[in-house]
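> starting from these lines, generate the structure:
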Amino acid sequence: MQTRSDGLRTREHFETFVQTLESSGPRDALAYILSLSDYRFIGIFRFQDGKATAAIHYDRKNPSVTRSDEVPDTATYCCFVRNGQGVFTTANALEDARLDHHVARSAVQAYCGVPILDPDGQLLGTLCHYDAVPRNPETLDLELLLQVASRLQQGGHVPPYPRAVG
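Numbers count the residues shown, from 1 in each chain. Take a look at the predicted model:
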């Protein structure tokens with residue numbers, strides 16, 4: 001249950017996110033959201049032709065890296081957000097029975113993703129935190145992530161699926 005102070009903190013973080021979004025753009029705004037957690041990565045993932053990749057990608061250890069690898073869409077946990085059109089989390093994929101046979105379970109052990117929906121309720125992509133080591137998704141402010149996803153969509157800040165490089 002969210003307390004009044006949690007609600008105020010969410011509002012303050014959202015206001016800082018919006019200010020950063022307006023002054024510096026979506027990648028810097030997502031880097032701010034990432035800084036509120038201990039996760040390594042944050043991104044907006046998109047799907048196309050059976051593939052998935054980040055349209056916006058931020059790696060706290062390598063901030064100059066702006067792209068993620070393109071993978072089969074079923075090789076991401078984002079597919080669970082897409083298929084259920086809701087939040088999907090795992091604190092430790094190696095201990096999560098839902099992921100016993102998932103191809104990414106060794107490489108991506110922690111994940112928290114929320115859907116980014118258009119006004120008609122169609123999935124545009126996912127906003128997600130993820131890491132190569134276990135993390136506690138309960139430390140994330142889920143209400144904030146849902147607000148951020150909505151604001152990104154409403155402001156037209158969800159880029160299309162990235163074109164292939166090369």
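> switch to C-alpha atoms for all contacts and neighbour counts from now on
Noted.
> hang on, F47 packs against G125?
Yes: if you go by C-alpha atoms under 8 Å, F47 and G125 touch, sitting 6.9 Å apart.
> between these two, tell me which one has more neighbours.
Neighbours per residue, other C-alpha atoms under 10 Å: of F47 and G125, the larger number sits with G125, 32 against 24.
> and that one, how far is that from E138?
Separation of G125 from E138 (C-alpha to C-alpha, to the nearest Å): 22 Å.
> backbone torsions only: list them for D131.
Dihedral pair for D131: phi -160, psi 160, per degrees, to the nearest 10.
> my guess is it contacts Y39, does it?
Yes: the pair D131 and Y39 qualifies as a contact (C-alpha under 8 Å) at a distance of 5.7 Å.
> what segments of the protein are strands?
Secondary structure of the chain, counting by DSSP state E: strands at 41-48, 51-59, 71-72, 88-90, 110-117, 123-131.
> and the angle from the second one to strand 123-131?
Computed by axes from the mean of the first three to the mean of the last three C-alpha atoms, to 10 degrees, the angle separating strand 51-59 from strand 123-131 equals 50 degrees.
> strand 51-59 pairs with which strands, and in what direction?
Sheet neighbours of strand 51-59, with direction, are listed as strand 41-48 (antiparallel), strand 71-72 (antiparallel) (DSSP bridges).
> need the residues that contact the shortest one.
When contacts are taken as C-alpha atoms under 8 Å, 6 or more residues apart in numbering, the neighbours of strand 71-72 outside the stretch itself are 50-53.
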